[in-house]
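Engineer: Sequence first, predicted coordinates after that:
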Amino acid sequence: MVLVKTITGDEVWLNEVEESPIYVKGHLPVKGYKLLHVKGKPFRQYAVVTENYTPIQHHKVIQKVREIIDAYGFEIQDETIEYSGRYRSRLFYKVILWEYEPIAGDKIGLGLLITNSYDTSLALGIYGFALRLVCTNEMVFSPKGWTDNQVISLRTVHVGEVWERFEEGLREALSNMETLQIFIKRMIGAKIPVEEIIRMLNRMKLAETYKLRIQELIGKRKGYIDLWEAYNHITYVLTHETKKWDYMKRMEYLTKLNREVEKVLAKVPRA
């Protein structure tokens, strides 16, 4: 395992991945495939992959992100390292690069969410990330419609190519951070029928318990609701009241939410 420290001094131990050949009946090698497992522990297995698949170490992803952000003149204000899955297979690395106030007293931290996995469940990915600091509601912005270079498949590329594409994706992501601010700004003051919010939750296929909780927070109002207010009620539930979800599932629903909000905003006249 590798010890990684955040800028706040938090210590996180991350597993390393190792490759081994696959044998049939103990001695016949299987051509074209290999086994990914915890380093030094072949019985703690992640996945069987083709010979072309390139695993990337979690700690090297974090190191590379820090190097690139520093090279482009940004400073990490805060960072969080999380993991989930069998033997810590999935990495979620969140960095906050700057803060701003779309509304006085309502600070938002903007940055990036980086994903990686040893079990092939997550690509090496770059996502927009925002944190509402007053209540630590998370917002995850999926690559769809943001930039084409954010999710990098490792199935057929070599390590050198991976880092070249990863740097390109990070550069694109950093240059597109303003779009997240615009997205948030458009929600503020946008009046949406309460019925549309309910339809949005239904399309997300949220469990009835969570839908009822969100409706409870919205209140028994009729007519219209400010989209930013509704959005924060939803992200509060998805961030704070889904304790049984792993981060992968939470991220999935947060990105679903933003796609639904995009559809709703498309119907709202621009100011």
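Structural biologist: Great, that's in hand.
Engineer: Could you confirm Ile69 falls within a strand?
Structural biologist: No. Assignment of Ile69 by DSSP: H, G, I helix; E, B strand; the rest coil gives helix, placing it outside any strand.
Engineer: distance of it from Leu170?
Structural biologist: Using Cβ to Cβ, to the nearest Å, Ile69 is found at 8 Å from Leu170. All C-beta atoms are positioned from the backbone trio N, CA, C, and that covers glycine.
Engineer: Name all residues that make contact with Met187.
Structural biologist: Met187 makes contacts with 227-228, 231, 261, 265, as judged by Cβ atoms under 8 Å, 6 or more residues apart in numbering.
Engineer: Now restrict those residues to buried residues only.
Structural biologist: 227-228, 231, 261 (16 or more other Cβ atoms under 10 Å).
Engineer: Just the ones in strands from those, please.
Structural biologist: Of those, none are assigned to strands by DSSP state E.
Engineer: Using a markdown table, lay out those residues together with pLDDT.
Structural biologist: Output for the buried ones among the contacts of Met187, formatted as a markdown table (pLDDT from 0 to 100):
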| residue | pLDDT |
| --- | --- |
| Leu227 | 93 |
| Trp228 | 94 |
| Tyr231 | 95 |
| Val261 | 93 |
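Engineer: Out of these, which comes closest to Val162?
Structural biologist: The shortest approach to Val162 among the buried ones among the contacts of Met187 belongs to Val261, at 32.0 Å (Cβ to Cβ).
Engineer: so that closest one makes contact with Tyr231?
Structural biologist: Yes. The pair Val261 / Tyr231 is scored as a contact, 6.5 Å apart, by Cβ atoms under 8 Å.
Engineer: Just the helices from this protein, written as ranges.
Structural biologist: Using DSSP state H, the helices found in the chain span residues 58-71, 159-175, 177-187, 194-204, 208-218, 227-240, 247-265.
Engineer: ranking these by mean pLDDT, which is last?
Structural biologist: Here these differ in mean pLDDT, and the lowest is helix 159-175 at a mean of 85.
Engineer: could you give the angle of that one to helix 58-71?
Structural biologist: 50 degrees (axes from the mean of the first three to the mean of the last three Cα atoms, to 10 degrees).
Engineer: Any idea how far helix 159-175 is from the middle of the chain?
Structural biologist: 16 Å (Cα atoms, centre = their mean, to the nearest Å).
Engineer: Begin at 19, not 1, for the rest of this chat.
Structural biologist: Okay, using 19 as the starting number, the last item reads as helix 177-193.
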